[in-house]
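Undergrad: okay, structure incoming, though there's no sequence with it:
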């Protein structure tokens, strides 16, 4: 899921060897086709490696349910209208959330070019990622992921997801504002 002109910036390493020598692509349908929980994915890579991956998968889970396979075929072969509509809606939610976060004291958020998460810095609040996460959950009832779970460079950040209604995003931003003002 890529927004705006990010298509011109995105470069897949698969363009260099077309997944025939050193590149392996692993992708799932959960996010790009809104098929969360279906556990359907695809891998492309050098044939000998993909063959071994297939054998491993065969021994751990016999197969994906037929109805999920049919849904995957429809996702790939069907109309892109619903996907395009979904991306447009997520872009609106992203823009709304980023604007709202940037209006909060101590928070700064760069607009992401893809996905459906934002990763604002909370360093100016004086709290750690874990401290902020605990504070916001307790005081505002809003759950966020501490940035440090993504590695040491994530300290001072939190992750929020905007796969929710605009109404809920607006309510969460207002609760964050009140909690931060009362801190």
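TA: Looks like it came in fine. The structure displayed is predicted, hence computed values, not measured ones.
Undergrad: which helix runs longest in this structure?
TA: If you go by DSSP state H, the chain has its longest helix at helix 81-102.
Undergrad: next secondary structure element downstream of that one?
TA: The helix or strand immediately downstream of helix 81-102 is strand 117-118, counting by DSSP states H and E.
Undergrad: which residues in the protein form helices?
TA: 6-9, 14-17, 29-32, 47-60, 66-77, 81-102, 129-140, 166-181.
Undergrad: can you give me the domain assignment for the protein?
TA: Domain segmentation of the chain under automatic domain parsing yields 12-78, 82-181.
Undergrad: mean confidence score for the last one?
TA: The pLDDT scores in domain 82-181 average 96.
Undergrad: residues touching the closest residue to residue 109 other than its chain neighbours, list them.
TA: Computed as Cβ to Cβ, 6 or more residues apart in numbering, the closest residue to residue 109 that is not its neighbour in sequence is residue 120, at 3.6 Å. The way it works is simple: take the backbone N, C-alpha and C, and place the C-beta from them, glycine included. If a contact means Cβ atoms under 8 Å, 6 or more residues apart in numbering, then residue 120 has 101, 107, 108, 109, 110, 157, 158, 160 as its contacts.
Undergrad: what about the first one, neighbour count?
TA: Using other Cβ atoms under 10 Å, the number of residues around residue 101 comes to 21.
Undergrad: again, but for the second one
TA: A count of neighbours around residue 107, defined by other Cβ under 10 Å, yields 20.
Undergrad: quick check: it touching residue 123?
TA: No: the pair residue 107 / residue 123 is not scored as a contact, 9.2 Å apart, by Cβ atoms under 8 Å.
Undergrad: list the contacts of the closest residue to residue 2 other than its chain neighbours.
TA: Spatially, and ignoring its direct neighbours in sequence, residue 2 is nearest to residue 114 (4.3 Å; Cβ to Cβ, 6+ apart). Contact analysis of residue 114 by Cβ under 8 Å, 6+ apart lists 1, 2, 3, 6, 10.
Undergrad: again with residue 69
TA: Residue 69 makes contact with residue 40, according to Cβ under 8 Å, 6+ apart.
Undergrad: and the gap between it and residue 77?
TA: Relative to residue 77, residue 69 is positioned 12 Å away (Cβ to Cβ, to the nearest Å).
Undergrad: so which of the contacts of residue 120 is the closest to residue 133?
TA: Nearest to residue 133 out of the contacts of residue 120 is residue 158 (Cβ to Cβ; 6.2 Å).
Undergrad: picking that back up, any chance of a PyMOL selection covering the buried ones in the contacts of residue 114?
TA: Here is the PyMOL selection string for the buried members of the contacts of residue 114, based on 16 or more other Cβ atoms under 10 Å:
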select buried, resi 1+3
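Undergrad: can you list the contacts of residue 114 in JSON lines and add distance to residue 91 and pLDDT?
TA: Listed next are those as JSON lines, based on distance: Cβ to Cβ, whole Å; pLDDT from 0 to 100:
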{"residue": "1", "distance to residue 91": "9", "pLDDT": "72"}
{"residue": "2", "distance to residue 91": "10", "pLDDT": "76"}
{"residue": "3", "distance to residue 91": "5", "pLDDT": "78"}
{"residue": "6", "distance to residue 91": "11", "pLDDT": "64"}
{"residue": "10", "distance to residue 91": "16", "pLDDT": "74"}
